[in-house]
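Enquirer: Need coordinates for the following:
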Amino acid sequence: MRLRYGIFVLMIMFLGINFLAAKEASAFSINVSPPSLRISAPPGETKSGTITVENKSDGPMDIRVYTEDWVYAPDGSKQFLQAGTTPLSCAKWITTHPQKLHIEANSKAGVQYVISVPPDALGGHYAVIFFESVVSEGEASKGNVMLRFSGRIGTIVYLEAEGFVKRTGSITSFTCGRPDQNSPLAINITLKNEGNTYIIAQGVINIIDKDGNIFGKKELGPINTLPGDTRNYKTEWLGDLEEGTYDVIATLDAGVDSPIVAETVLTVTSSGTIDRLDINTDTNQPAFNIVINNTGNLNAKAEGKIDISNDKGEIVQTIPLKSTLIAPNTKKEIQAKTETALTAGRYKAKAAIMFGGKELTKEGEFSIR
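Expert: A predicted model of the protein is given here:
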């Protein structure tokens, strides 16, 4: 009986602790407005404003305010670093007031910022103003079980030195992967930021057929870069391409005077060859092994037959071949066997296979003893 009572008490304690944890876990809920600042200021001047911090939780919250640097990671996400450690930082040009604040539940407060632009500033500079929740001294001194979850949210700062901005870039690489019937057209673009400020590029790819008609299109972006960045951007077009030659044109709007454009030619073909026709005559029911090579860039279906002729040129047997789908740049074997035994003599086998709308043929001679 005591054992059961002890288990019951432990369960109550466990549920109580988890209830507190769930309550505290949901306690962190703050919002900032605006989420980003895009500011243009002449060198030597200052810009100021207010960021509103909203405590959306059911309890009061203490907030710490500070700045950090940020850069784009290779995958395009933001990576945050210590203030003043990156070449294009403006984190130490920013002052905030207050730097600590207490916000009651479901309430708002304002944080003032001032950005002092140095007289020699050029181009773009970047920082983030973070708002991080902290455990209050009162909570820490209660001595009770506290499972406090903190977090932070930031306002991203994009600052440009007015009159000293050069926004330019180029597409240094543009390729289209093979279009398959069972997989999409892979598109790869490399954008280089050749200016002194950030570029957010968006645009479209147009696939144009031989008659000049737009066969398909794909929206691009956004592609985010800071000065000196080279960003690889990958996407896919899910349509079907018929056999032929296409112009593929990528057009990016990056906020410069004229769009950034790149073009490539895409040839879609289902060409192929019969590389080998092997004949095994160990018995009077010979077996055949055909090797087909898809040299094009479309999935293509191979289907056909083998005609067996005697030494008089008469077709004595026709063997249907199993329909086979062959991927681009791939070789595949098709195997078949005569349905009935052949009498002794000399024979000729002719494989006739329809592949990508074209007939492929291959012949071979053999004898039955």
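Enquirer: C-alpha only now, for contacts and for neighbours.
Expert: Will do.
Enquirer: Can you show me the helices along this structure?
Expert: With DSSP state H, the ranges of helices along the chain come out as 2-25, 137-140.
Enquirer: Endpoints of stretch 320-336, how far apart?
Expert: With C-alpha to C-alpha, to the nearest Å as the measure, the ends of stretch 320-336 fall 8 Å from one another.
Enquirer: Check stretch 340-360 too.
Expert: Stretch 340-360 stretches 25 Å from its first residue to its last (C-alpha to C-alpha).
Enquirer: tell me which residues in it are buried?
Expert: Of the residues in stretch 340-360, those scored as buried under the neighbour-count criterion (16 or more other C-alpha atoms under 10 Å) are 342, 347-356, 360.
Enquirer: any idea which of those is closest to residue 169?
Expert: The shortest gap between residue 169 and any of the buried residues of stretch 340-360 belongs to residue 356, at 41.6 Å (C-alpha to C-alpha).
Enquirer: ok, back up a step: in terms of mean pLDDT, which of the helices of the chain ranks lowest?
Expert: By mean pLDDT, the lowest-scoring of the helices of the chain turns out to be helix 2-25, with a mean of 37.
Enquirer: circling back to that earlier point, tell me which of the buried residues of stretch 340-360 is nearest to residue 244?
Expert: Distance from residue 244 was checked for each of the buried residues of stretch 340-360 by C-alpha to C-alpha. The minimum falls on residue 356, at 12.2 Å.
Enquirer: Next one: that closest one from residue 304, what distance?
Expert: With distances taken as C-alpha to C-alpha, residue 356 is found 12 Å from residue 304.
Enquirer: partner residues bridging the nearest residue to residue 219 once chain neighbours are set aside?
Expert: When the adjacent residues along the chain are set aside, residue 219 lies closest to residue 204, with 4.4 Å between them (C-alpha to C-alpha, 6 or more residues apart in numbering). Assessed by DSSP bridges, residue 204 has beta-bridge partners residue 219, residue 251.
Enquirer: Residue 204: neighbour count?
Expert: If you count neighbours by other C-alpha atoms under 10 Å, residue 204 ends up with 16.
Enquirer: OK, contacts around it?
Expert: The contact partners of residue 204, taken as C-alpha atoms under 8 Å, 6 or more residues apart in numbering, are 217-220, 250-252.
Enquirer: repeat for residue 328
Expert: Residues near residue 328 by C-alpha under 8 Å, 6+ apart: 180, 294-300.
Enquirer: The residues you listed into TSV, with extra columns for distance to residue 107 and pLDDT?
Expert: TSV is the format used below for the contacts of residue 328 (distance: C-alpha to C-alpha, whole Å; pLDDT from 0 to 100):
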residue	distance to residue 107	pLDDT
180	56	57
294	67	92
295	67	89
296	65	85
297	61	80
298	61	81
299	61	82
300	64	85
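Enquirer: Just the ones of the residues you listed in strands?
Expert: 294, 300 (DSSP state E).
Enquirer: most neighbours, which of the contacts of residue 328?
Expert: Going by other C-alpha under 10 Å, residue 294 tops the contacts of residue 328 with 27 neighbours.
Enquirer: Surely it touches residue 275?
Expert: No: when contacts are counted by C-alpha atoms under 8 Å, residue 294 is not listed as touching residue 275 (10.0 Å).
Enquirer: Understood, closing this out.
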